[in-house]
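1. I would like to see how this sequence folds:
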Amino acid sequence: MLEVIAIATLIGAVAADQAEEPPRTSGLDLALQHLEQLKQRIVQAHGEQLDPDQDFYLADWSVPDEVIEWWNTTTNTRWLDTGTNRIAVRIPDGRVLKLALDPDGRASNLAELETWNSAQSDRQVLDFLVPIHAGNEHFILMDYAKPLGLELPDALDRRFRQRNQKWGDLLFQGRSRARDVPYFNWGIHQGRIRLLDYEAHP
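-> Have a look, this model is predicted:
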């Protein structure tokens, strides 16, 4: 717990190249402070206890609605999504926090930061990425993008297909270390179809 809080105060240490320390909103502070308690509540909701001698892996557990409700009320954030190793929540200023809950999640955060940092010199690649403002292995602070729906209007579907093809071309040219991303990692940000979730190859 103390280690997480201490690292979180050093936001610039592993932050994106052009990011500055973000405003210390209550949502950001409280989210970082309650990560360990979140793990405990997830495990306890399944009738078990968190083992301090073993790594917690989010993929091993489902997150009950009552735990999500507790989180939203306690941290002044809104739970958006549960991934395989991270959760995404929206803080009061509208931006998104991606919080790592296990070793794989911490690796994902660093990989995503690497993708963002390496794109700073390539404006075409940068145009595909939802901006990251700050982060480290424990969290990423980025803009919000509205995920694409399962069924798109024809015009939006054509735009997506064009963008997806262009992204594939950039990856083929070796201009980004990001992975080829699935459909649900795309969203709408400032009127543009962009990647809201992206990682670099190791």
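
2. Is the most centrally placed residue in the chain within a helix or a strand, and which one?
-> The residue lying closest to the centre of the chain (CA atoms, centre = their mean) is residue 98, at 3.2 Å. Using DSSP states H and E, residue 98 sits within strand 96-100.

3. now do residue 81
-> Take DSSP H and E as the rule and residue 81 turns out to sit in strand 78-82.

4. and the strand holding residue 98, what other elements does it pack with?
-> On a contact count with 3 or more CB pairs under 8 Å, 6 or more residues apart in numbering; DSSP states H and E, strand 96-100 meets helix 26-33, strand 86-90, helix 103-118, strand 139-142. Quick note: C-beta positions are derived from backbone N, CA and C, even for glycine.

5. Can you spell out which helices and strands pack onto the helix or strand just after the third one?
-> Translated: helix 103-118. Downstream of helix 103-118, the first helix or strand assigned by DSSP H and E is helix 123-126. On a contact count with 3+ CB pairs under 8 Å, 6+ apart, helix 123-126 meets no helix or strand.

6. who touches helix 123-126?
-> Residues from elsewhere that reach helix 123-126, judged by CB atoms under 8 Å, 6 or more residues apart in numbering: 119-120, 170, 175-176.

7. And the buried ones among these, selectable in ChimeraX?
-> Under the burial definition 16 or more other CB atoms under 10 Å, those of the contacts of helix 123-126 that qualify are selected in ChimeraX by:
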select :119,170,176
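
8. now for the contacts of helix 123-126, which pair is the farthest apart?
-> Maximum pairwise distance in the contacts of helix 123-126, criterion CB to CB, is 14.8 Å, between 120 and 170.

9. Show the average pLDDT along stretch 138-153.
-> Summarised as a single mean, pLDDT over stretch 138-153 is 92.

10. swap that for stretch 162-181, please
-> Mean predicted lDDT for stretch 162-181 stands at 88.

11. now do the same end-to-end measure for that stretch.
-> Start to finish, the residues bounding stretch 162-181 are 15 Å apart (CA to CA, to the nearest Å).

12. Can you point out the buried residues in it?
-> For stretch 162-181, the neighbour count (16+ other CB under 10 Å) marks 163-164, 167, 170-171, 176-178, 181 as buried.

13. Can you tell me which of these lies closest to residue 57?
-> Taking CB to CB as the measure, residue 57 lies nearest residue 181 of the buried residues of stretch 162-181, at 22.3 Å.

14. who are the neighbours in contact with the closest one?
-> Applying CB under 8 Å, 6+ apart, we find residue 181 in contact with 167, 195, 197-198.

15. what's the longest helix in this structure?
-> Counting by DSSP state H, the longest helix found in the chain is helix 154-172.

16. In the helix or strand containing residue 68, which residues have enough neighbours to count as buried?
-> Using DSSP H and E, residue 68 maps to helix 65-75. Residues of helix 65-75 classed as buried: 67-68, 70-71, 75 (neighbour count, 16+ other CB under 10 Å).
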